[in-house]
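[1] model this:
(2 chains, ligands or ions: 1)
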Amino acid sequence: MTQNDAIPAARRVALAREPGRPGVSGAVQTLFTDFFEQRGDRLCADDPAVLAGVGLFHGRPVTVLGTRKGADLEENLACHFGMPTPEGYRKALRAMEQAEKFGRPLLTFVDTPGAYPGLEAEARGQGAAIAACLARMSTLSVPLIAVIMGEGGSGGALALAMGNRVLMAENAVYSVLSPEGFASILWKDSSRAGEACGLMKLTAADLLELQVIDRVLPEPDGGAHTDPAAFWRTVDAALREELRRAEKLADPARHRQRRFRAMGNGWLCAGKETI
Amino acid sequence: MNDWFAARRQRMLRLKVRREGERPFAPRLSASEPVFEQCPRCHAAVTRTQWDKNRMVCPECGFHRPVGAYRRLSMVLDEGTFQELDPDLTGTDPLNFPGYGEKLAGLRRRTGLREAAVTARGRIGGMPVIAAVLDSRFMMGSMGVAVGEKIARAAEAAEKARMPLVIFCASGGARMQEGILSLMQMGKTAAAVTRFREKGGLYIAYLTHPTTGGVTASFAMLGDITLAEPEALIGFAGPRVIEQTIGQTLPEGFQRAEYLQEHGFVDAVVPRAEMRNTLAKLLRLHQKGGVRRDAE
Ligand SMILES: [Zn+2]
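    Next up is the predicted model:
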């Protein structure tokens, strides 16, 4: 792990985007038994970019939710390379409702460049769909553990990541926008993405320091894709421990509200606190 | 005694509005005729007094010019009821982002604002309300830590005082210079307005031009009632990003207030001239909408 500490942010962005990187599909195969996938938003469509279902985690039923990029080109295209549409977020909302109803902890696995920016996606309320997920996650009475696996891009990632605990793979990145988008907004030049990576504080170590995440999941040298089995063992052990701890929370919803209520408050000036 | 306070409050607000007027949005017609300001859309020459009287709406074509936060509040709140909340609350520079500190300082000097959001307690048509306004002149109304905190505190103040909450949204989205912490404000604000609503509070979201990005995908789209100003651009992704993604130009009127109403995301498109009356009517219809007594 010590030699991994020196990896520059831009290299981590590349590792986070590595095609063979473990994601929610791998989680379903390795961490859960008796998995049943739930499809569709019950309004009009099924978006494969979001995977939802129920499975057993060490014998205990949990709701599993994640964003999926797809394993081959055909799947990549169907999943918009991991960018969910409003239908995907509404499927996620359905999974959240059922986690609540059946008292199942919710485990989410995030790997998305962001929500899909398309014409139909806007027409069907991409913003409203994400907002609905955030609102619902803030009130769930069951524990919610989120894992940022690869790319945690913008509101499209946060829409599945308002956890009581937020874990992050060592080479994953989590940011307000992709480095390319960031450079293009601030400097009108997306080719300066490399420079943006250095400024944005998007690595797991940065986010741990900013208290946006709670725990870093170490990866094998060379990245999680070089030895997925080893990486899944790390994820499994961490999730077991985190879940055990989260289940002791008296009021998981209030805990989550307080966790996000405090975000960035260390950088406020003047004005007295009201909470 | 009360009158004295009311008059003082009104004077304060008028001063703040006047300060906003120092830097007009549209270029003056010529240096020798500073009384006219061209309409940015139809280019009609409209006197400043006319702009003022007409709530910054063009008398010729109906174009709704952006309105500063204090001016908006002066249009909406009953005279003498404006009381600013957390006027001194600001953010800092969490990422030590090059040039950000200077940019904030410059904007504070030029706009008289401390941050992109102003929150206040006041009355509309005699009914008490907590109001928040985002101001697009301040870093495009983008949401950083301070804006997120002000919105969350406004929701908490509304809950505590059992008052309805009205938020006038106008935002380019997240504050890029504050990085991931600005993204986290989506979670903070969404949770805060949701908590308020779950306790029975009435939250009216009033979407003005432009409402995009992280603000759209959090508190802007969580209102019990959602109103929008005519032709306001409202969306998650910006039009340019969408055009790049789909490789074609977008249809006329796409992501405008009327389009959102058509697609089921807005209750009513309300011209600025009817804004105050519409809000007063909604507050009257929800007289008991302060936070349920049983929800404590
Ligand atoms: Zn005009």
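[2] so which residues of the stretch 51-200 of chain B form strands?
    Here the stretch 51-200 of chain B has its strands, by DSSP state E, counting those that start in this stretch, at B:83-85, B:90-91, B:117-124, B:127-134, B:165-171.
[3] sorry, slip of the keys, the one I care about is the stretch 101-250 of chain A.
    A:106-112, A:144-153, A:165-169, A:173-175, A:215-217.
[4] of all those strands, which lies closest to residue B:153?
    In terms of Cβ to Cβ, the element of the strands of the stretch 101-250 of chain A nearest to residue B:153 is strand A:165-169, at 23.8 Å. For every residue, glycine as well, the C-beta is placed using N, CA and C.
[5] can you tell me the strand partners of the closest one and which way each runs?
    Strand A:165-169 pairs in its sheet with strand A:144-153 (parallel), strand A:215-217 (parallel), by DSSP bridges.
[6] need these in JSON lines with mean neighbour count and mean pLDDT, can you?
    Below are the strands paired with strand A:165-169 laid out as JSON lines (neighbours: other Cβ atoms under 10 Å in any protein chain shown; pLDDT from 0 to 100):
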{"stretch": "strand A:144-153", "mean neighbour count": "28", "mean pLDDT": "97"}
{"stretch": "strand A:215-217", "mean neighbour count": "18", "mean pLDDT": "98"}
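[7] export these to TSV and append columns for distance to residue B:128.
    Formatted as TSV, the strands paired with strand A:165-169 follow (distance: least, Cβ to Cβ, whole Å):
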stretch	distance to residue B:128
strand A:144-153	36
strand A:215-217	45
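[8] ok, which of the ones you listed comes nearest residue B:41?
    strand A:144-153 (35.3 Å).
[9] now the angle between strand A:106-112 and that closest one, please.
    0 degrees (axes from the mean of the first three to the mean of the last three Cα atoms, to 10 degrees).
[10] so what's the gap between strand A:144-153 and the chain middle?
    2 Å (Cα atoms, centre = their mean, to the nearest Å).
[11] just to revisit the earlier point, make a markdown table from the strands paired with strand A:165-169 and add distance to the ion to it.
    Converted to a markdown table, the strands paired with strand A:165-169 look like this (distance: least, Cβ to the ion, whole Å):
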| stretch | distance to the ion |
| --- | --- |
| strand A:144-153 | 39 |
| strand A:215-217 | 55 |
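[12] looking at those strands, spot the one closest to residue B:104.
    strand A:144-153 (26.2 Å).
[13] output that closest one as PDB, nothing but the C-alphas.
    Output in PDB follows, covering the C-alpha atoms of strand A:144-153 (Å, rounded to 0.1, in the frame of the first residue of the first chain):
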ATOM      1  CA  LEU A 144     -27.200   2.200   3.800                       C
ATOM      2  CA  ILE A 145     -23.500   1.400   2.900                       C
ATOM      3  CA  ALA A 146     -22.200   2.900  -0.300                       C
ATOM      4  CA  VAL A 147     -19.000   1.800  -2.100                       C
ATOM      5  CA  ILE A 148     -17.400   4.000  -4.800                       C
ATOM      6  CA  MET A 149     -15.900   1.300  -7.000                       C
ATOM      7  CA  GLY A 150     -14.500   3.100 -10.000                       C
ATOM      8  CA  GLU A 151     -15.700   6.500 -11.200                       C
ATOM      9  CA  GLY A 152     -18.000   8.500  -8.900                       C
ATOM     10  CA  GLY A 153     -19.100  11.100 -11.300                       C
END
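[14] show me what from the stretch 1-150 of chain B comes close to the ion.
    For the stretch 1-150 of chain B, the residues in contact with the ion (Cβ under 5 Å from the ion) are B:39, B:41, B:42, B:44, B:58, B:60, B:61, B:63.
[15] most neighbours, which of these?
    Ranked by neighbour count (other Cβ atoms under 10 Å in any protein chain shown), these have residue B:58 at the top, with 21 neighbours.
[16] separation between that one and residue B:18?
    22 Å (Cβ to Cβ, to the nearest Å).
[17] can you check residue B:181 too?
    For residue B:181, the distance to residue B:18 - Cβ to Cβ - is 34 Å.
[18] likewise for residue B:45?
    From residue B:45 to residue B:18 the distance is 23 Å (Cβ to Cβ).
[19] got it, and residue A:97?
    Residue A:97 is 51 Å from residue B:18, by Cβ to Cβ.
[20] ditto for residue B:207
    From residue B:207 to residue B:18 the distance is 27 Å (Cβ to Cβ).
[21] of these two, who's got more company?
    residue B:207 (28 against 12).
[22] so what's residue 225 closest to, chain neighbours aside?
    Let's take chain A. residue A:20 (4.0 Å; Cβ to Cβ, 6 or more residues apart in numbering or on different chains).
[23] correction: the question concerned chain B.
    residue B:204 (4.7 Å).
[24] residue contacts, the one you found?
    Neighbouring residues of residue B:204 by Cβ atoms under 8 Å, 6 or more residues apart in numbering or on different chains: B:164, B:165, B:166, B:167, B:223, B:224, B:225, B:226, B:227, B:279, B:282.
[25] number of residues surrounding the nearest residue to residue B:113 once chain neighbours are set aside?
    Spatially, and ignoring its direct neighbours in sequence, residue B:113 is nearest to residue B:138 (5.1 Å; Cβ to Cβ, 6+ apart). Residue B:138 has 24 neighbouring residues, counting by other Cβ under 10 Å.
[26] same question for residue A:171.
    29.
[27] where's the nearest residue to it once chain neighbours are set aside, which helix or strand?
    Of all residues not flanking residue A:171 in the chain, residue A:15 sits nearest, at 4.0 Å (Cβ to Cβ, 6+ apart). Using DSSP states H and E, residue A:15 sits within helix A:9-16.
[28] what distance separates that helix from the middle of the whole chain?
    Distance of helix A:9-16 from its chain centroid, counting by Cα atoms, centre = their mean, is 17 Å.
[29] mean confidence score for it?
    The average pLDDT for helix A:9-16 rounds to 95.
[30] buried residues, that helix. List them.
    A:9, A:10, A:12, A:13, A:15, A:16 (16 or more other Cβ atoms under 10 Å in any protein chain shown).
[31] looking at these, spot the one nearest residue B:177.
    residue A:9 (16.9 Å).
[32] just the pLDDT for the residue nearest the centre of chain A.
    Centroid-nearest residue in chain A, with Cα atoms, centre = their mean: residue A:110, separated by 2.7 Å. Residue A:110 is assigned a pLDDT of 98 by the prediction.
[33] could you do the one 4 residues further on as well?
    The score at residue A:114 is 97. That number is its pLDDT.
[34] tell me, how many residues neighbour the residue nearest to residue A:230 when sequence neighbours are not counted?
    In this structure, residue A:230 finds its nearest non-sequential neighbour in residue A:220, 5.1 Å apart by Cβ to Cβ, 6+ apart. By other Cβ under 10 Å, 17 other residues sit near residue A:220.
[35] what strand or helix carries the closest residue to residue A:141 other than its chain neighbours?
    Distances taken as Cβ to Cβ, 6+ apart place residue A:253 nearest to residue A:141, at 5.2 Å, with adjacent residues excluded. Per DSSP H and E: residue A:253 is located in helix A:252-261.
[36] could you give the mean pLDDT of that helix?
    98.
[37] same deal with stretch A:181-193?
    Average pLDDT, stretch A:181-193: 89.
[38] and it, what's buried?
    Buried positions in stretch A:181-193, judged by neighbour count with 16+ other Cβ under 10 Å: A:181, A:182, A:183, A:184, A:185, A:186, A:192, A:193.
[39] again, but for stretch B:64-75
    B:64, B:65, B:66, B:67, B:68, B:69, B:70, B:71, B:72, B:73, B:74.
[40] could you measure from the third one over to chain A?
    As for residue B:66, its distance to chain A is 20 Å (criterion: Cβ to the nearest Cβ, to the nearest Å).
[41] pretty sure that residue contacts residue B:134?
    No: under the criterion of Cβ atoms under 8 Å, residue B:66 is not in contact with residue B:134, lying 10.7 Å apart.
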